[in-house]
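Participant: Just need the structure, nothing else, for what follows:
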Amino acid sequence: MLEQTVNVLNRAGIHARPASILVRAVKDFNCDIRFERGNDVVNAKSIMGVITLGAMYGSEIRVVTDGIDEQQAMDTIIHLFNSKFEDIPETVPTQH
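Facilitator: Numbers count the residues shown, from 1 in each chain. Sure thing, here's the model as predicted:
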């Protein structure tokens, strides 16, 4: 199991577009992934769960991955947060 805290760096926070990008990026990993903010814990593979976190600019989110490809999942998530959801990994289909 891996755990890491990330900060929401994009000014608009985690609204529908970043939530969609996150869910598409992690849906095919063979590990459990959850986001924790305060007392809220959500499945990172659920768009409604991610949106309901209400993570605004500057929010801290604890990311927990547990399973076979936990490191790759964590690296992908950290990359998305650090790039403000602007640098989408190749494995994530882009919206047209």
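Participant: after the strand or helix carrying Ile21, next one along is what?
Facilitator: For Ile21, the host element (DSSP states H and E) is helix 16-26. Next along the chain after helix 16-26, taking DSSP H and E as the criterion, comes strand 31-37.
Participant: Return the set of buried residues in the helix holding Ile21.
Facilitator: Neighbour-count burial for helix 16-26, counted by 16 or more other Cβ atoms under 10 Å, picks out 18-26. C-beta coordinates here come from the backbone N, C-alpha and C atoms, glycine included.
Participant: between those residues, which is closest to Phe85?
Facilitator: Pro18 (4.2 Å; Cβ to Cβ).
Participant: Contact partners for the closest residue to the closest one other than its chain neighbours?
Facilitator: In space, and not counting its chain neighbours, Pro18 is closest to Phe85: 4.2 Å by Cβ to Cβ, 6 or more residues apart in numbering. By Cβ atoms under 8 Å, 6 or more residues apart in numbering, the residues touching Phe85 are 10, 17-18, 21-22.
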